[in-house]
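Participant: below: sequence and its predicted model.
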Amino acid sequence: MESPHLCQPDSGKSCGACCGLYNYRGANRSDLVRRLKRRTDAFRNLERYTNEALRSFTAWVRRTEPQGKLLETIYNCEFLGFLDPQCRKVGCLLHPRQHDGKDLRGCSFYGAELCDGHLCLSYQKLTRTEKWAAILSLDDWYLYGICITDIDLCKGFFHMAAERIGAEPSLAVLSRPGVQEALRNFFALKVSWPYRSDDDGRFGKYCLAEDEYREARIPYEEIGCSKSRYDTIFLSLASDFSSVEEIREAERLIALRIDDFVRSCEGPDGPNRA
Ligand code: SF4
Ligand code: SF4
């Protein structure tokens, strides 16, 4: 099983998290679509991509887009946009592939060298199975980018699943439609989780405020129970519980997704056969 490219894995989706995609306070999917579409249209309408034109474009984006950031120290690049007319792929509008081989990223905040050399921690930390699981099951850039950069979410899920299956599923198993559907149903909790905190400074397990962040914790003792075995997943889902009943129901929801996945991995000749 080869290790895949996480940033632009295929023609149906991509990630732009390290270019600041999710670093807008309170932004949901439709806010981001509006923002990226507007700046992509303006970029494509530039007559020429001279340094001066790109500097003016940067200034126009800063002047006319809402700038409320989750974390001040992460730069939200003005040149992140949609690469295709269908708006299925987010990516760099200055990338050489967009300009017949000419690299315009020198005009960006980070510059061409930094942009070109950057690979986030997911490349190192996720196993090939975890990477392929997200790539094969997700076809939406918004959800894909949030999940592929959430190392705890992926590891938390596969850790619990592996305890049941006994081994990591093969690529052939991950390619089955039923397995992909079960994975998609789990990853979709990132946007549909009923116990998600309504604090707009919360991003996964992090509580963000201007130039600081800290890891959230669930106050099990204060709520009246012991730490849940799903704690890692709960934190990644930005959970905020107010009662033991809520925690038990949340555990049931996660257990159901894991059960579905484990069942879907069982092939005709037994568990996890290709
Ligand atoms: S956050 Fe990681 S996967 Fe996403 S674009 Fe950056 S390097 Fe690629
Ligand atoms: S210039 Fe760099 S930071 Fe900006 S969108 Fe391109 S790759 Fe991302």
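Facilitator: Thanks, I have it. Predicted model, so just to flag it, every value in this text is computed and none were measured. Ligands and ions are numbered 1, 2, ... in the order given.
Participant: ok, the residue nearest the centre of the chain to Ala17 distance?
Facilitator: By C-alpha atoms, centre = their mean, the chain has its centre lying nearest to Ile146, at 1.5 Å. For Ile146, the distance to Ala17 equals 8 Å [C-beta to C-beta, to the nearest Å]. Quick note: C-beta positions are derived from backbone N, CA and C, even for glycine.
Participant: how many neighbours does the closest residue to Ser108 other than its chain neighbours have?
Facilitator: Among residues not flanking Ser108 along the chain, Phe79 sits closest, at 5.5 Å (C-beta to C-beta, 6 or more residues apart in numbering). Using other C-beta atoms under 10 Å, Phe79 has 24 neighbouring residues.
Participant: how near is Phe79 to Ala42?
Facilitator: From Phe79 to Ala42 the distance is 11 Å (C-beta to C-beta).
Participant: thought the residue nearest to the centre of the chain was touching Tyr22?
Facilitator: Yes. Under the criterion of C-beta atoms under 8 Å, Ile146 makes contact with Tyr22 at 6.7 Å.
Participant: all helices for the chain, in order.
Facilitator: 29-44, 51-64, 112-117, 121-125, 128-137, 141-148, 151-165, 171-174, 177-187, 189-192, 220-223, 231-236, 244-265 (DSSP state H).
Participant: deepest-packed of those helices, please.
Facilitator: Neighbour counts (mean count of other C-beta atoms under 10 Å) averaged over each of the helices of the chain peak at helix 141-148, with a mean of 24.
Participant: hang on, the earlier thing: what do Phe79 and Ala42 both touch?
Facilitator: Common contacts of Phe79 and Ala42 (C-beta atoms under 8 Å, 6 or more residues apart in numbering): Phe57.
Participant: touching, Tyr110 and Tyr75? I think so.
Facilitator: Yes. Here Tyr110 reaches Tyr75: they are 6.9 Å apart, a contact under C-beta under 8 Å.
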